[in-house]
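Student: give me a 3D structure for the following:
(4 chains)
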Protein chains: 2
Amino acid sequence: MKEDKEITIYDLAKHLKISAATVSRSLKDHPGISKSTKKKVQEAAKEMGYRSNNFARNLRKQKTNTIGVIVPKLNSYFVSSAIAGMEKIANENGYNLIISQSLESVKKEIANTITMFNSRVDGLLVSLAYDTENMEHFDVFFDKNIPVVFFDRVYEDSRSLNVIIDNYRNAYDITKHLIDEGCKRIMHIAGNLTRNVYAERCRGYKDALRDAGFEFQDELLIVNELSEEAGKELGKKILQMPNKPDAVFVANDVCAANCMQIIKTAGYSIPGDIAFAGFNNDPISKIVEPHLTTVNYPCYEMGEMAMRNLIDHLTGDGNISTTNKIILRSEIVVRASSLKGKGQ
Amino acid sequence: MKEDKEITIYDLAKHLKISAATVSRSLKDHPGISKSTKKKVQEAAKEMGYRSNNFARNLRKQKTNTIGVIVPKLNSYFVSSAIAGMEKIANENGYNLIISQSLESVKKEIANTITMFNSRVDGLLVSLAYDTENMEHFDVFFDKNIPVVFFDRVYEDSRSLNVIIDNYRNAYDITKHLIDEGCKRIMHIAGNLTRNVYAERCRGYKDALRDAGFEFQDELLIVNELSEEAGKELGKKILQMPNKPDAVFVANDVCAANCMQIIKTAGYSIPGDIAFAGFNNDPISKIVEPHLTTVNYPCYEMGEMAMRNLIDHLTGDGNISTTNKIILRSEIVVRASSLKGKGQ
DNA sequence: ATTTTTTATGCAATCGGTTGCAAATACAAA
DNA sequence: TTTGTATTTGCAACCGATTGCATAAAAAAT
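Tutor: Take a look at the predicted model:
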């Protein structure tokens, strides 16, 4: 049954000769309404094609049932997987998602933050831009007690929940693995070191070196944007190094794979001459040859977890202020690119 | 300046000793309000930390400034890129995005459609699920004159705008290219043939064969889900064929790359023994070895275009009913995987 | 039959902007 | 000074659902 103009509870009320209040209560299964009335109302609602008006509802309840998501870039394996996980949980719980990208710029991140604030999202999920260096733009949320959950790229802040993996441990493990394979001159490629993820990975790398009795060397640490382009640049740079590394641990698979290609094309053998390891377990890591040793990052699960916690908090089932950090399980995946012993 | 409770236009009105109507008009730059008053209001608004309440506004205006997006899966190169493009345009025009995924099931697609309808999106952008076979669930939108734009996976329907590429032409070109390289037994791997994109690509493949004087052979057409997994399966299947193809044109890079790997691992040379071509120009196509010949699909631009047209329609700048189909430029990209002559 | 308790429903205010129409004020022309 | 016109502003009725409180109706207790 379809109508040209919207049916409201008043229309239903008039039709059933009862009050709008009763209709409203019947529709949301209020305990004070008799079963028979509820049934009558619900049937009439379906029959007349009633659809509830969320704005009226939100206006009255001062709640939006909408969650904002701000990510650096939508089109990356990690982000799209995480968002897929978020969407699933949000959808299951009746929440809508408003998504925007900072395109790796704080400036846009701030603008998005404001938009989200004005849209009155009930909560916010954020992975920080490449160059975000403080949290001031989130203060409005904290001030109003709107929960903010950071995932992956986070900022230590007692007012929010962080969902992450143990970047330090994984980087440590992967570096140790390279050392165990006999590598002695291990290079590390990181992203902006003020971002937790890259700082932690770098720290893991350094500690693993130290624990194995190696000394950290400045020239073996390179910071770049970890993009396809950056990977190619990196490859060229390595080719020009007089004293080449015998292993490269890159903080991201896409960059690693693109770098590997340059090195390989130049005639070096991988892992024979130079071993490689990446991070993320991006599908690309299973295609590039030799297959890339990496860290299995639970992207989808991270999205689910972050969303679930946010929603639990909103519904009062959980408390963001009691939980301050969630660390998901992740582990290194060894593939041919780092197996010096066995070769490819 | 921050307050504990929200500032409304009434607060501003009281503070400035004018009416709420004047405040409302001043804030949205209504022509009937004097410059001086406007300025006073706008300054006070900023100073008192006023933020407009969208629900009240939407409730009154019966418009949401929100656009719904339904896609099969968020975590694919094509979709995430397209959404990135959409988000950019939407954001620039003050629209919010509500995104949901059908996970390739009509059932969930229908559910999402209903959610979007109830959220009263101003317009809808859709790429259909794998198994959607009719448009009934969009009728509510058409009935209410809510514009629906389909992209990539579309359905011919006079009531909506379709944004696509020339799948037929590209498939024809790529098949012809394979023929020109000397391939005589070209296999085609398609997705569900009721989906326009796959049907068109298949048609292009067949016509190119015909025009070159080859006969289409049933056993050389395989339909699968075009996933990573399907690619691997496909590889195994080809290995078992007694009369192997000398070229494989897959409707999707991810599937093609994974298939290639199996074939290669089994000791066949590519393109020597079997040439390969894919579709999409997914980053993976530049990593797999040999690099994959494919079709450069303007994902990001398609997202932009679809969104721009939808918004133009909503603001009355364009008319969806006059434009029924937009075809974006796309072209084949020849790489080593199909160059029989030169080899890799 | 009367009072008490329980259950079911309605009244009316509220959420915060928007906007058609009327009224007030300003400014110009006569 | 008066009348006419243009410019500003305000009144008040929406938009549709929610909910505290009051009342009505039904059931139970006395």
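
Student: C-alpha from now on. contacts and neighbour counts both.
Tutor: Fine.

Student: show me where the stretch 201-344 of chain A has strands.
Tutor: Taking DSSP state E, counting those that start in this stretch, the strands of the stretch 201-344 of chain A run over residues A:221-223, A:247-250, A:275-277, A:294-296, A:325-328, A:331-333.

Student: winner for burial among those?
Tutor: Among the strands of the stretch 201-344 of chain A, strand A:275-277 has the highest mean neighbour count (mean count of other C-alpha atoms under 10 Å in any protein chain shown), at a mean of 31.

Student: circling back to that earlier point, mind putting the strands of the stretch 201-344 of chain A into a markdown table with distance to B:Leu328 and mean pLDDT?
Tutor: Formatted as a markdown table, the strands of the stretch 201-344 of chain A follow (distance: least, C-alpha to C-alpha, whole Å; pLDDT from 0 to 100):
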| stretch | distance to B:Leu328 | mean pLDDT |
| --- | --- | --- |
| strand A:221-223 | 38 | 97 |
| strand A:247-250 | 37 | 98 |
| strand A:275-277 | 39 | 97 |
| strand A:294-296 | 37 | 98 |
| strand A:325-328 | 42 | 94 |
| strand A:331-333 | 40 | 96 |
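
Student: using CSV, lay out those together with distance to DNA strand C.
Tutor: Shown next, in CSV, are the strands of the stretch 201-344 of chain A (distance: least, C-alpha to the nearest atom of the strand, whole Å):
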stretch, distance to DNA strand C
strand A:221-223, 46
strand A:247-250, 49
strand A:275-277, 53
strand A:294-296, 46
strand A:325-328, 33
strand A:331-333, 48
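
Student: looking at those strands, spot the one closest to DNA strand D.
Tutor: strand A:325-328 (32.0 Å; C-alpha to the nearest atom of the strand).

Student: show me what the closest one is packed against.
Tutor: Under the contact definition 3 or more C-alpha pairs under 8 Å, 6 or more residues apart in numbering or on different chains; DSSP states H and E, strand A:325-328 sits against strand A:161-165.

Student: just the CA trace of the following helix or strand past the strand it packs on, in CSV.
Tutor: Where DSSP states H and E defines the elements, the next helix or strand beyond strand A:161-165 is helix A:167-180. Provided in CSV are the C-alpha atoms of helix A:167-180 (Å, rounded to 0.1, in the frame of the first residue of the first chain):
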residue,chain,number,x,y,z
ASN,A,167,52.8,-2.9,16.8
TYR,A,168,55.8,-3.0,19.0
ARG,A,169,55.7,-6.7,19.5
ASN,A,170,55.0,-7.5,15.9
ALA,A,171,57.8,-5.3,14.7
TYR,A,172,60.1,-6.9,17.2
ASP,A,173,59.1,-10.4,16.1
ILE,A,174,59.6,-9.7,12.5
THR,A,175,62.9,-8.1,13.0
LYS,A,176,64.0,-10.9,15.2
HIS,A,177,62.9,-13.3,12.5
LEU,A,178,65.1,-11.5,10.0
ILE,A,179,68.0,-11.7,12.4
ASP,A,180,67.3,-15.4,12.9
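
Student: packing partners of helix A:167-180?
Tutor: Packing partners of helix A:167-180 (3+ C-alpha pairs under 8 Å, 6+ apart): helix A:196-211, strand A:247-250, strand A:294-296, strand A:331-333.

Student: list of residues touching the second one?
Tutor: In this structure, residues lying in contact with strand A:247-250 by C-alpha atoms under 8 Å, 6 or more residues apart in numbering or on different chains are A:174-175, A:178, A:183-190, A:256, A:271, A:274-279, A:338.

Student: for the last one, same thing?
Tutor: Residues from elsewhere that reach strand A:331-333, judged by C-alpha under 8 Å, 6+ apart: A:Asn170, A:Asp173, A:Ile174, A:Asn281, A:Thr293, A:Thr294, A:Val295, A:Asn296, A:Tyr297.

Student: these: which two are farthest apart?
Tutor: A:Asp173 and A:Asn281 (15.0 Å; C-alpha to C-alpha).

Student: more neighbours: which of these two?
Tutor: A:Asn281 (23 against 18; other C-alpha atoms under 10 Å in any protein chain shown).

Student: thought that one was touching A:Val295?
Tutor: Yes. Shown here, A:Asn281 and A:Val295 form a contact pair, counting by C-alpha atoms under 8 Å, at 5.7 Å.

Student: for DNA strand C, what is the nearest residue in the stretch 51-200 of chain A?
Tutor: A:Arg60 (3.5 Å).

Student: enumerate every residue touching A:Leu221.
Tutor: Counting by C-alpha under 8 Å, 6+ apart, A:Leu221 touches A:Met187, A:His188, A:Ile189, A:Ala190.

Student: what's around A:Phe52, how many residues?
Tutor: That one is not Phe; residue A:52 is Ser. 18.

Student: now it: phi and psi?
Tutor: Main-chain torsions, A:Ser52, degrees, to the nearest 10: phi -70, psi 150.

Student: again, but for A:Val149
Tutor: phi -110, psi 130.

Student: what separation do you get for it and A:Tyr155?
Tutor: When distance is defined by C-alpha to C-alpha, to the nearest Å, A:Val149 is 10 Å away from A:Tyr155.

Student: name the helix or strand for A:Ile189, please.
Tutor: Assigned by DSSP H and E, A:Ile189 falls in strand A:186-190.

Student: quick one: buried residues of stretch A:182-202?
Tutor: Neighbour-count burial for stretch A:182-202, counted by 16 or more other C-alpha atoms under 10 Å in any protein chain shown, picks out A:182-183, A:185-193, A:195-202.

Student: my error: substitute stretch A:116-124 in the last question.
Tutor: A:Met116, A:Phe117, A:Ser119, A:Arg120, A:Val121, A:Asp122, A:Gly123, A:Leu124.

Student: looking at the residues you listed, which are in helices?
Tutor: A:Met116, A:Phe117 (DSSP state H).

Student: now, which of the buried residues of stretch A:116-124 lie within strands?
Tutor: Using DSSP state E, the subset of the buried residues of stretch A:116-124 located in strands is A:Gly123, A:Leu124.

Student: the buried residues of stretch A:116-124 also near chain B: which ones?
Tutor: A:Ser119 (C-alpha under 8 Å from any C-alpha of the partner chain).

Student: tabulate the buried residues of stretch A:116-124 (JSON lines), appending distance to DNA strand D and pLDDT.
Tutor: Below are the buried residues of stretch A:116-124 laid out as JSON lines (distance: C-alpha to the nearest atom of the strand, whole Å; pLDDT from 0 to 100):
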{"residue": "A:Met116", "distance to DNA strand D": "22", "pLDDT": "87"}
{"residue": "A:Phe117", "distance to DNA strand D": "21", "pLDDT": "85"}
{"residue": "A:Ser119", "distance to DNA strand D": "17", "pLDDT": "80"}
{"residue": "A:Arg120", "distance to DNA strand D": "16", "pLDDT": "85"}
{"residue": "A:Val121", "distance to DNA strand D": "18", "pLDDT": "89"}
{"residue": "A:Asp122", "distance to DNA strand D": "16", "pLDDT": "90"}
{"residue": "A:Gly123", "distance to DNA strand D": "19", "pLDDT": "93"}
{"residue": "A:Leu124", "distance to DNA strand D": "23", "pLDDT": "95"}
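
Student: which one of the buried residues of stretch A:116-124 sits closest to chain B?
Tutor: The shortest gap between chain B and any of the buried residues of stretch A:116-124 belongs to A:Ser119, at 6.6 Å (C-alpha to the nearest C-alpha).

Student: ok, now which ones touch that closest one?
Tutor: Counting by C-alpha under 8 Å, 6+ apart, A:Ser119 makes contact with B:Asn53, B:Asn54.

Student: and the stretch 1-150 of chain A, which residues reach DNA strand D?
Tutor: A:6-10, A:20-22, A:24-25, A:27-28, A:51-54, A:56-57, A:59-61 (C-alpha under 7 Å from any atom of the strand).

Student: one more time with 10 Å, if that's ok
Tutor: A:5-13, A:19-30, A:32, A:50-63 (C-alpha under 10 Å from any atom of the strand).

Student: A:Val248 and chain B, how far apart?
Tutor: Distance of A:Val248 to chain B, computed by C-alpha to the nearest C-alpha, to the nearest Å: 18 Å.
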